[in-house]
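>>> Kindly generate the corresponding structure for this input.
(2 chains)
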2 protein chains.
Amino acid sequence: MSQAIDFYFDFSSPYGYFASTQIEQLAARYDRTVKWHPLLLGVIFKTTGGAPLPSLPLKGDYALRDFERSARFHGIPYTRPELFPLPTQLAARAMLWVAQTRGDAKAVEFAKAVFHAYFVEGAKIIDPDVIGPLADGIGIDAAAMIDGANSAEIKERLRNDIEAAVARGVFGSPFVIADGEPFWGFDRFDQLEAFLKSGKI
Amino acid sequence: MSQAIDFYFDFSSPYGYFASTQIEQLAARYDRTVKWHPLLLGVIFKTTGGAPLPSLPLKGDYALRDFERSARFHGIPYTRPELFPLPTQLAARAMLWVAQTRGDAKAVEFAKAVFHAYFVEGAKIIDPDVIGPLADGIGIDAAAMIDGANSAEIKERLRNDIEAAVARGVFGSPFVIADGEPFWGFDRFDQLEAFLKSGKI
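Take a look at the predicted model:
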């Protein structure tokens, strides 16, 4: 079995969401598995000097348009959430808790439910009363998950994961690293696929 | 004849260079012409708060790698110039002078020569002694062009063009506007093509 490819994302990133709908099938075509890593772009931007796209003059308006057009172009369901962007600590920590206690496959199922709730249904995923039912929906006790997500251990785990990601050069969402080769952006999935196919570009 | 599509670029932008090698053929496939607009990203970044990619932590290193990989992926000749990025006032003004005195087709020929000199041969295109011979190579008197490029009229023309571009929402390179629809980045040429083909996405 080849080494897993690493998929980094922020739950508030539309391009990260687009990537989340395709990364598993893409990897499977080349007999690869995917390790999902939730990040907080706000923390990373403190290191890199980045800023949320919608906050930037001109680029912000363009980005909102590009999210919708890219979704149509790739045939991905997308509705601009009313509250955007938003803090994703709770979602990221909850996912780490699910991974730790129920395994990676369940954590991916949870992550897909979070992305869908936010970018298709417009749910306010900062709210425990929104995140909780997503756990219930995949057979996980909501109260236990929220408690776990708020534990000191999981908080530290997320901090460490983000630090490790930045140390590997991760600065945006989505960001994929395959066999040491970095790919930033859903619009590099064509190059990622070429790389997985032939081992080089 | 349909309306021309507008192609904005900075001569110091690798993605702008990549786009310059394909925009004419892409447009021609849909019976469209291209109007080329040289810009100065440095001036635009004063409005938008942007910054040259290579200056950004993490993103800068990634960008240098992405330039080379994207060139290989798309089969475009590219060698990272020793001096990068560099000021492109002279090249942009010279192109405007060629357009004004010899017409758009000659200006596009000149622009392609500048991009090739910089991104394939690594020539220092800030230097009149480098830019001049590029004019000679396409039958334009080098001294006349350099004089024209330094005239108050052409300097004002470039300032006005940049102001007009920003007023249309242009903030990066390459940037294409087709029938009012904006496309930022060489990696949106797939969407640009879909749009030219069907008039919508």
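
>>> alpha carbons only for contacts and neighbour counts from here, please
Will do.

>>> Contact partners for residue A:135?
A:110, A:141-142, A:145 (CA atoms under 8 Å, 6 or more residues apart in numbering or on different chains).

>>> Relative to residue A:171, which of these is nearest.
Nearest to residue A:171 among those, counting by CA to CA, is residue A:110 at 23.7 Å.

>>> That closest one belongs to a helix, doesn't it?
Yes - judged by DSSP: H, G, I helix; E, B strand; the rest coil, residue A:110 forms part of a helix.

>>> Distance of it relative to residue A:181?
As for residue A:110, its distance to residue A:181 is 27 Å (criterion: CA to CA, to the nearest Å).

>>> got it, and residue A:7?
Separation of residue A:7 from residue A:181 (CA to CA) stands at 12 Å.

>>> ditto for residue A:198
Taking CA to CA as the measure, residue A:198 falls 13 Å from residue A:181.

>>> immediately after the helix or strand bottoming out on mean pLDDT in chain A, which helix or strand?
Lowest on mean pLDDT, DSSP states H and E among the helices and strands of chain A sits helix A:41-48, with a mean of 90. In the C-terminal direction, the helix or strand that comes right after helix A:41-48 (DSSP states H and E) is helix A:59-74.

>>> Contacts for whichever helix or strand comes after that following helix next, please.
Downstream of helix A:59-74, the next assigned helix or strand under DSSP H and E is helix A:89-102. Under the criterion CA under 8 Å, 6+ apart, residues A:10-11, A:38-40, A:104-108, A:110-111, A:114, A:125-126, A:128, A:131, A:145-146, A:148-150, A:154-155, A:157-158 lie in contact with helix A:89-102.

>>> Can you give me the buried ones in helix A:89-102?
Buried residues in helix A:89-102, counted by 16 or more other CA atoms under 10 Å in any protein chain shown: A:89-99.

>>> same deal with stretch A:156-167?
Across stretch A:156-167, burial judged by 16+ other CA under 10 Å covers A:158, A:161-163, A:165-166.

>>> thinking again about what came up before, residue A:110 and residue A:181 - which one has more neighbours?
Using other CA atoms under 10 Å in any protein chain shown as the criterion, residue A:110 and residue A:181 rank with residue A:110 on top: 24 against 13.

>>> Pull the contacting residues for that one.
Residues near residue A:110 by CA under 8 Å, 6+ apart: A:95, A:98, A:134-135, A:138.

>>> and chain A, which residues reach chain B?
A:47-49, A:56-59, A:62, A:69-70, A:72-73, A:169-171, A:182, A:187, A:191, A:201 (CA under 8 Å from any CA of the partner chain).

>>> mind showing which ranges of chain A have poor pLDDT?
For chain A, the stretches with pLDDT under 70 are A:1.

>>> One more pass at 80, please.
Applying pLDDT under 80 to chain A picks out residues A:1-2, A:53-54.

>>> Check the gap between residue A:37 and residue A:164 for me.
11 Å.

>>> ah, wrong one, I meant residue A:193
In terms of CA to CA, residue A:193 sits 25 Å off from residue A:164.

>>> Hmm, residue A:34 and residue A:108 touching each other?
No - Residue A:108 is not in contact with residue A:34 according to CA atoms under 8 Å; the separation is 9.5 Å.

>>> Any idea how far the helix or strand containing residue A:106 is from the middle of the chain?
Under the criterion of DSSP H and E, residue A:106 resides in helix A:104-119. Distance of helix A:104-119 from the chain centroid (CA atoms, centre = their mean, to the nearest Å) equals 9 Å.

>>> Show me which parts of it are buried, residue by residue.
A:104, A:106-108, A:110-119.

>>> Heading C-terminal from it, find the next helix or strand.
Helix A:104-119 is succeeded, C-terminally, by helix A:128-136 (DSSP H and E).

>>> Show me which residues of that next one are buried.
Using 16+ other CA under 10 Å as the burial criterion, the residues of helix A:128-136 that qualify are A:128, A:130-132, A:134-135.

>>> Would you agree residue A:39 is in contact with residue A:160?
No - applying CA under 8 Å, one finds residue A:39 not in contact with residue A:160, separated by 10.4 Å.
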